[in-house]
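[1] this one's sequence-less:
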């Protein structure tokens with residue numbers, strides 16, 4: 001925990017506890033059976049009802065917490081609006097259930113809605129021929145692909161089918177949540193069009209996964225966009241977020257609320273730049289994303305090949321974009337990288 005950050009609480013609340021942050025703004029911490037082991041959701045008092053930012057996984061624990069809250073402290077007023085920072089399961093997994101039960105509206109960026117559908121189909125289908133071809137182009141042999149495919153299992157937490165209807169939010173929009181106005185900021189890197197929400201009057205930033213207090217979000221090249229440069233998008237977003245005051249209260253999706261925005265942005269930038277240096281330093285000749293994944297992400301190569309290949313390529317594509325590596329594609333489509 002950095003001395004540069006000021007945490008508003010030293011210990012997280014119990015799971016499912018309705019915790020005051022500011023008047024009309026509450027924190028609900030939900031358990032997850034994966035790492036990180038929790039996700040933070042934010043409940044805002046609209047007066048006649050509620051707005052909820054993110055909703056957690058579709059697990060029994062999450063369902064029971066929301067059921068208890070709506071049968072108890074929240075029972076007198078309905079959920080009017082569900083707002084999603086992005087489409088990852090720990091943020092949107094229960095969305096379709098809440099929409100069906102509460103008849104609430106859903107707001108999120110277009111690219112996140114589309115991404116949610118893509119990820120849902122991928123979870124249903126598991127790694128397919130396209131992903132196998134993606135691995136082969138990035139250094140995997142036919143045997144490697146077969147071994148990786150054989151280790152894959154249907155995820156335990158598939159998430160419900162994404163919502164079929166939504167209200168689109170865009171960068172720069174002003175949205176009412178609770179009895180405050182919030183400016184929408186969209187950013188890439190962790191997800192295609194991740195939404196953050198800034199309230200100027202109270203210097204509040206609902207940051208989702210884009211800014212976390214104790215860890216850095218994953219930055220992954222998706223197999224559908226092998227030439228994408230999400231690391232550049234993520235680092236560019238950190239520079240954009242420096243426009244907000246350093247004493248902004250940051251409400252992250254994992255970890256604890258804190259002040260010290262500029263310090264945390266600098267820490268995350270330094271972390272990623274150091275990792276880029278680390279990757280560049282071990283590349284002495286022609287290499288592939290598979291070789292980097294085996295070295296940098298050996299524990300997840302077989303358990304989560306999308307992450308292993310995706311994070312490796314995020315570093316390699318970024319290094320190629322700034323001239324520290326060369327990227328070559330041969331006649332068969334095989335992609336390699338080498339020192340510039």
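    Alright, I've got the coordinates. Since the model is a prediction, treat every value here as computed from it, not as a measurement.
[2] Where is the longest helix in this structure?
    Of all segments of type helix in the chain, defined using DSSP state H, the longest is helix 261-282.
[3] Please name every helix or strand in contact with that one.
    Contact partners of helix 261-282 among helices and strands, from 3 or more C-beta pairs under 8 Å, 6 or more residues apart in numbering; DSSP states H and E: helix 230-241, helix 289-296, helix 305-321. C-beta here means a position set from N, CA and C on the backbone, and glycine is covered the same way.
[4] buried stuff in it?
    261-265, 267-269, 272, 275-276, 279-280 (16 or more other C-beta atoms under 10 Å).
[5] want to try CSV for those, with distance to residue 7 and pLDDT as columns?
    As requested, these are exported to CSV (distance: C-beta to C-beta, whole Å; pLDDT from 0 to 100):
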residue, distance to residue 7, pLDDT
261, 13, 98
262, 16, 97
263, 12, 97
264, 11, 98
265, 16, 98
267, 14, 97
268, 17, 97
269, 21, 97
272, 23, 97
275, 25, 96
276, 29, 97
279, 32, 95
280, 34, 96
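[6] Among those residues, which pair sits farthest apart?
    261 and 280 (28.8 Å; C-beta to C-beta).
[7] what sits against residue 206?
    If a contact means C-beta atoms under 8 Å, 6 or more residues apart in numbering, then residue 206 has 42, 53, 85, 182, 196, 197, 198, 251 as its contacts.
[8] what pLDDT does the third one get?
    It refers to residue 85. Note on residue 85: pLDDT of 98.
[9] I'd say it and residue 209 touch.
    Yes: using C-beta atoms under 8 Å, residue 85 and residue 209 qualify as a contacting pair, with a distance of 7.1 Å.
[10] Common neighbours of these two, please.
    91, 194, 253.
[11] Out of those residues, which comes closest to residue 5?
    residue 253 (16.2 Å).
[12] For the longest helix of the chain, what is the distance to the chain centroid?
    18 Å (C-alpha atoms, centre = their mean, to the nearest Å).
[13] Taking helix 289-296 as reference, get the angle to it.
    Between the axes of helix 261-282 and helix 289-296, defined by axes from the mean of the first three to the mean of the last three C-alpha atoms, to 10 degrees, the angle is 110 degrees.
[14] Strands of the stretch 1-150 of the chain, residue ranges please.
    Using DSSP state E, counting those that start in this stretch, the strands of the stretch 1-150 of the chain run over 6-7, 19-22, 25-31, 38-45, 50-53, 79-83, 105-108.
[15] For the closest residue to residue 37 other than its chain neighbours, the count of nearby residues, please.
    Sequence neighbours aside, residue 31 is the residue nearest to residue 37 in space, at 6.6 Å (criterion: C-beta to C-beta, 6 or more residues apart in numbering). Other residues lying near residue 31 total 15 when counted by other C-beta atoms under 10 Å.
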